[in-house]
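J.: Sequence first, predicted coordinates after that:
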2 protein chains.
Amino acid sequence: MPALRILPVIALAVTGLTPAIADTPKATQRSAAEIISAAPDSAWRTPDPDNLLYALIGNGVVIIELAPEFAPAHVANIRALARGHFWDGTSVYRSQDNFVVQFGDADADDPAKAKPLGEAKDHLPAEFHRDAKGLAFDRLPDVDGWAPEAGFSSGFPVARDRKANRAWLTHCYGAVGAGRNNEPDSSTGAELYVVIGQAPRQLDDNITVVGRVLSGMELLSATRRGPAPMGFYEDPAERTPIRALRLASEAPESARIPLQVLRTDTQAFRDLVESRRNRVDDFYKRPAGHIDLCNVAIPTRTPPADK
Amino acid sequence: MPALRILPVIALAVTGLTPAIADTPKATQRSAAEIISAAPDSAWRTPDPDNLLYALIGNGVVIIELAPEFAPAHVANIRALARGHFWDGTSVYRSQDNFVVQFGDADADDPAKAKPLGEAKDHLPAEFHRDAKGLAFDRLPDVDGWAPEAGFSSGFPVARDRKANRAWLTHCYGAVGAGRNNEPDSSTGAELYVVIGQAPRQLDDNITVVGRVLSGMELLSATRRGPAPMGFYEDPAERTPIRALRLASEAPESARIPLQVLRTDTQAFRDLVESRRNRVDDFYKRPAGHIDLCNVAIPTRTPPADK
């Protein structure tokens, strides 16, 4: 395997890390891997299984965390759709380069063929933003061109406008949104898209974002791009089948996938962000002194067996 | 094909557009497609074939434009490597999600197996940045967190620091850089990476960027991610073969791929950027009032037959 002339790893998966030792150098000099490895168990959270979707795509599982604090009506509807097995046998029917993949019922616009939504509602309010007041928010000090403030809330990358009393989930890589028509309230959560390219932040506060992918992005991002306009596949055989999509809470506890997410309101996370903002290692010659909200990867881990 | 509940297209390919009419509304209300369609022929440039690489990957062609104004030594070496057919039979041997693909000689670090560089040099100076003085630069008015100024130069997305008299090519989606080891001057241009995710701008001015992909990104970005750390493929059979890689100038003129790029120093381009910064259409409810350097797609077209 080529070790020469390669770019440094940026993945934050925690595998085979050396345990932190007592005399680690000061925080700004620790590597991201060391910071993650040294994070106490209290810095990790186990997402509520009622907010987790398992999508069986190909031979893998995409895990999505829903954000009921931002899109309660959509999240409730998505739970109803998952309980009704709405997505089983549907597909990823669109893959547009440097933009989004989209999945759900490819025949949603054909009344004769559209899959019924079951117990789910066919009309929801737009949930583009929520009140900023009352929302825990850990602000990034870095300038954000798209919003007055950018930061994290409940583990999601979020923008905030205190003057307008608005906060919203941002369209970072892996964001999951509810496709809609031109009417703001035309999304049901049945047709979902996932950002697979440069963050299309122009969509922020213009569409309802419902959550983000925690794991399995590569099952979506590496799908062959659709040849038709907007990345659709004309040939249904080219779509990627979704074998099943379930709420984790529907699965018996023993069948759930152990997964924890680093809390974004912890010192470990702040140290991690700083280690990314100003990289001190043998590769980087000029620390950036800045980080963009959407360049912050939020680490996940398989929890130790005894947690 | 689902027309309902879909996100608007952002691709800028110019196909089947209605010709602009005399009474188009004012610039800020024209759509991106209308602006591109109405751009005069003088707003389009045909890249110098000595700066164009054709990489035959799978059944498609990736077209890369080199930037000799920013990395003259690397571009000269890449031309020598292409003329020596260095990349023929090599591969895309790395695909790391939300970061880069990398191609070249997968055995570059094994002296026993490494492919000789032929007429190309095995040592080059680092070309992380160039003088800002003397460089034509069209500044974006939008704030950029990573650099004092961001804009375009010679059709490339560029950052500038006038105080330090530095300008550099940025790591936007599609940027092509020269992989290196820890030493700043350890790149030769033989091992090249291409950005396939959220712009890793922390690499800016830390590595030599040599150009950008003009066409065929989907042949790189949709490659199955490598399972090994950093996205490498342990199994050589999983690598994507590069059948051939040629300078366009080596091909007879009749065999060249007709391709033009919208000039970034034109009113048409400025109008286009504004149409993206503040979208006025039936879908968007709140114009962003901002655009990030790496969210600006630079249109290409197949020139009309008589140009």
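T.: Structure's in. What do you need? Residues are numbered from 1 along each chain as shown, chains lettered A, B, ... in the order given.

J.: Going along the chain, name the helices of the stretch 101-250 of chain A.
T.: A:217-221 (DSSP state H, counting those that start in this stretch).

J.: Smallest distance to chain B belongs to which residue of it?
T.: When distances are taken as Cβ to the nearest Cβ, the stretch 101-250 of chain A reaches nearest to chain B at A:Asp109, 3.6 Å away. Yep, even glycine has a C-beta here, placed from its N, CA and C like the rest.

J.: got a pLDDT number for that residue?
T.: Looking at A:Asp109, its pLDDT stands at 89.

J.: Up against chain B, what does the stretch 51-200 of chain A have?
T.: Taking Cβ under 8 Å from any Cβ of the partner chain as the test, the list of the stretch 51-200 of chain A residues beside chain B reads A:93-100, A:102, A:105-109, A:128, A:142-146, A:172-174, A:177, A:179-182, A:184, A:186-188, A:190-191, A:193, A:197-200.

J.: In strands only, show me those residues.
T.: A:93-95, A:100, A:102, A:177, A:193 (DSSP state E).

J.: Count the residues that sit near A:Ala237.
T.: Other residues within reach of A:Ala237, judged by other Cβ atoms under 10 Å in any protein chain shown, total 6.

J.: got it, and A:Glu238?
T.: Neighbours of A:Glu238 (other Cβ under 10 Å): 17.

J.: go on, A:Glu234?
T.: 10.

J.: so where's chain A uncertain?
T.: Applying pLDDT under 70 to chain A flags residues A:1-28, A:306-307.

J.: From the rest of the structure, what touches stretch A:234-253?
T.: A:48-50, A:52-58, A:79, A:82-83, A:85-93, A:103, A:106, A:223-224, A:226-228, A:233, A:256-257, B:1 (Cβ atoms under 8 Å, 6 or more residues apart in numbering or on different chains).

J.: got the buried residues for that stretch?
T.: A:238-240, A:242, A:245-248 (16 or more other Cβ atoms under 10 Å in any protein chain shown).

J.: could you pull out the strands for the stretch 151-300 of chain A?
T.: A:156-161, A:166-169, A:175-178, A:192-195, A:208-215, A:240-247, A:260-262, A:300-301 (DSSP state E, counting those that start in this stretch).

J.: circling back to that earlier point, including distance to A:Ala33, could the buried residues of stretch A:234-253 go into JSON lines?
T.: Converted to JSON lines, these look like this (distance: Cβ to Cβ, whole Å):
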{"residue": "A:Glu238", "distance to A:Ala33": "39"}
{"residue": "A:Arg239", "distance to A:Ala33": "38"}
{"residue": "A:Thr240", "distance to A:Ala33": "32"}
{"residue": "A:Ile242", "distance to A:Ala33": "34"}
{"residue": "A:Leu245", "distance to A:Ala33": "33"}
{"residue": "A:Arg246", "distance to A:Ala33": "32"}
{"residue": "A:Leu247", "distance to A:Ala33": "32"}
{"residue": "A:Ala248", "distance to A:Ala33": "28"}
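
J.: Looking at the residues you listed, point me to the pair that's furthest apart.
T.: The largest separation in these, counting by Cβ to Cβ, is between A:Glu238 and A:Ala248 at 29.5 Å.

J.: so what's A:Val273 up against?
T.: A:Val273 neighbours (Cβ under 8 Å, 6+ apart): A:140, A:291, A:296.

J.: Spit out the contact partners of the last one.
T.: A:Val296 sits next to A:140, A:152, A:157, A:273, A:276 when contact means Cβ under 8 Å, 6+ apart.

J.: Which one of those sits in the busiest neighbourhood?
T.: A:Pro157 (26 neighbours).

J.: give me the beta-bridge partners of the most centrally placed residue in chain A?
T.: By Cα atoms, centre = their mean, the mean C-alpha position of chain A lies nearest to A:Arg212, the distance being 2.2 Å. Counting by DSSP bridges, A:Arg212 is bridged to A:Glu65, A:Ala175.

J.: Nearest approach to A:Ala39 belongs to which of the strands of the stretch 151-300 of chain A?
T.: strand A:260-262 (6.3 Å).

J.: who does the closest one pair up with?
T.: Checking strand A:260-262 against DSSP bridges gives partners strand A:44-45 (antiparallel), strand A:300-301 (antiparallel).

J.: returning to that earlier point: possible to save the ones in strands among the residues of the stretch 51-200 of chain A next to chain B as JSON lines with neighbour count?
T.: Formatted as JSON lines, those follow (neighbours: other Cβ atoms under 10 Å in any protein chain shown):
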{"residue": "A:Tyr93", "neighbour count": "26"}
{"residue": "A:Arg94", "neighbour count": "28"}
{"residue": "A:Ser95", "neighbour count": "30"}
{"residue": "A:Val100", "neighbour count": "27"}
{"residue": "A:Gln102", "neighbour count": "27"}
{"residue": "A:Gly177", "neighbour count": "29"}
{"residue": "A:Tyr193", "neighbour count": "29"}
